[in-house]
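1. Provide a 3D model corresponding to the input given below.
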Amino acid sequence: MSKHRPLRVHCLIVLALLTTTSEARLYRWVDEAGTVHYTDTLPPAQADRGHAKMSEKGIVVETTEPAKAPEELQKEEEAKRARLAAERAKKEQEAADQMLLRTFGSVDDMIMTRDGRLASIDAMIRLTRGNIRRQQEWLRKLRADAADLERAGKPIPAHLSNSIASSEKSIHEAYATIVERELQKQEIRASVAGDLRRFRQLKNISEATKGNQDEGPGAAPKNLVPCTSAEICDRLWARASAYVRQHATTAVQASGPMIVITAPPARDEDVNLTLSRIPDKNGPGATLFLDAQCKPALSGDSTCTTPAAQRILDGFSQAVLGPGEAN
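-> Okay, here's the model as predicted:
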């Protein structure tokens, strides 16, 4: 009896394999017209479409889903990218929140830090203004020397013309630095305003507790006008130049396509105006910036704080843009 046991086991295995194979010979599939078919073989054209593999008893032993259309695959890929982007954004926000809470202990800390950064920038602007005032005095002397030569009927030497051009360029570059600093201040205010809102949310602090110093980014300076194309900038520059000539109390000292400078103030009531056209670093536009300087105080500060000077600066943007003007 034991001699036949291996043969019996072998036969049972073969029988099981044959039974399994025979039970999976039917396919159920649906054609384009919606008709259900049952066949021993699957038509080649049906391989990418949905079908079911069945046993002879009608039991589904394997299911193949229809191949997805390119549009569906694209949508799934877009949804996957959006999900991954949302997950990254969530992790980045959580990291930023932790950094915010570790850096600051209170709203007052945030405001104090912001004001310190703004004060540092203002100090750099004052230093730049001092350099501009010295350059303007030097330019006044150079132009006076050139005028004396012209009145005497003598030619202006090349070194004098080059010095005048170099001085005007230095003044223009200094004002470009001031414009960059002013825009930096706007970015700081906007960034801190967002951080303050988020800090209150994380700490569950009511917005009703906001103080006068807890300000948002604020409006752009009224003596700064952006323009987005060369054509628009040219039109606004003509208006801005006319505005300078109308309101300055000192004579125009230099006038060109990038800068207009009036003479330094000689009297307490004088207002020296400088108009600069600062090209955008990335793009065809520019920023028109009007600066006012008065006769230096005993401290050496030439910043204008008089009501007359403030009215000139405050009225610049509206006068240059005009009602409904697109920039």
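2. please enumerate the helices of the stretch 51-200 of the chain.
-> According to DSSP state H, counting those that start in this stretch, the stretch 51-200 of the chain carries its helices in the segments 70-103, 107-151, 158-203.
3. give the other helices and strands that the last one contacts.
-> Here helix 158-203 is seen to pack against helix 70-103, helix 107-151, strand 259-262, strand 272-279, strand 286-293 when contacts are counted using 3 or more Cβ pairs under 8 Å, 6 or more residues apart in numbering; DSSP states H and E. Backbone N, C-alpha and C define where each C-beta goes, glycine included.
4. pairing partners for the helix or strand just after that helix, with directions?
-> Heading C-terminal from helix 158-203, the first helix or strand you meet, by DSSP states H and E, is strand 224-227. Strand pairing for strand 224-227, determined by DSSP bridges: strand 286-293 (antiparallel).
5. quick one: pLDDT of the most centrally placed residue in the chain?
-> For the chain, Glu187 is the residue whose C-alpha lies nearest the centre (Cα atoms, centre = their mean; 9.6 Å). Per-residue pLDDT puts Glu187 at 92.
6. begin at 143, not 1, for the rest of this chat.
-> Got it, the first residue is 143 from now on, which makes the last one we talked about Glu329.
7. how near is it to Asp264?
-> Per Cβ to Cβ, to the nearest Å, Glu329 is found 15 Å from Asp264.
8. give me the below-cutoff pLDDT ranges for the chain.
-> By pLDDT under 70, the weakly predicted segments of the chain are 143-167, 199, 350-362, 439-445, 465-469.
9. quick check: nearest residue in space to Ala461, chain neighbours excluded?
-> Using Cβ to Cβ, 6 or more residues apart in numbering and skipping the chain neighbours, the partner closest in space to Ala461 is Tyr385 (5.1 Å).
10. what about the one you found, which helix or strand?
-> Assigned by DSSP H and E, Tyr385 belongs to helix 372-389.
11. that helix: how far from the chain's middle?
-> Relative to its parent chain, helix 372-389 has a centroid offset of 27 Å by Cα atoms, centre = their mean, to the nearest Å.
12. helices and strands around it, which ones?
-> By 3+ Cβ pairs under 8 Å, 6+ apart, helix 372-389 packs against strand 366-369, strand 394-397, strand 401-404, strand 414-421, strand 428-435, helix 458-463.
13. mind checking which of these is nearest Arg275?
-> strand 428-435 (6.2 Å; Cβ to Cβ).
14. extract the C-alpha set from whichever helix or strand comes after the closest one and format it as CSV.
-> Downstream of strand 428-435, the first helix or strand assigned by DSSP H and E is helix 449-456. What follows is helix 449-456, C-alpha atoms only, in CSV (Å, rounded to 0.1, in the frame of the first residue of the first chain):
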residue,chain,number,x,y,z
PRO,A,449,4.0,121.8,5.6
ALA,A,450,4.9,123.3,2.2
ALA,A,451,7.4,120.5,1.4
GLN,A,452,5.0,117.8,2.6
ARG,A,453,2.2,119.1,0.4
ILE,A,454,4.5,118.9,-2.6
LEU,A,455,5.4,115.3,-1.9
ASP,A,456,1.9,114.3,-1.0
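15. related to what we said a few turns ago, list just the one of the helices and strands packed on helix 372-389 that sits closest to Lys283.
-> For the helices and strands packed on helix 372-389, proximity to Lys283 was assessed by Cβ to Cβ; strand 394-397 is nearest, at 11.0 Å.
16. okay, now the sheet partners of that closest one, with direction.
-> Short version: by DSSP bridges, strand 394-397 pairs with strand 401-404 (antiparallel).
17. and the strand it pairs with, how far from the chain's centre?
-> Once both centres are worked out by Cα atoms, centre = their mean, strand 401-404 turns out to sit 31 Å from its chain's centre.
18. contact partners of it?
-> Outside strand 401-404, the residues that touch it by Cβ atoms under 8 Å, 6 or more residues apart in numbering are 278, 281, 310, 313-314, 317, 382-383, 386, 390-397, 414-419.
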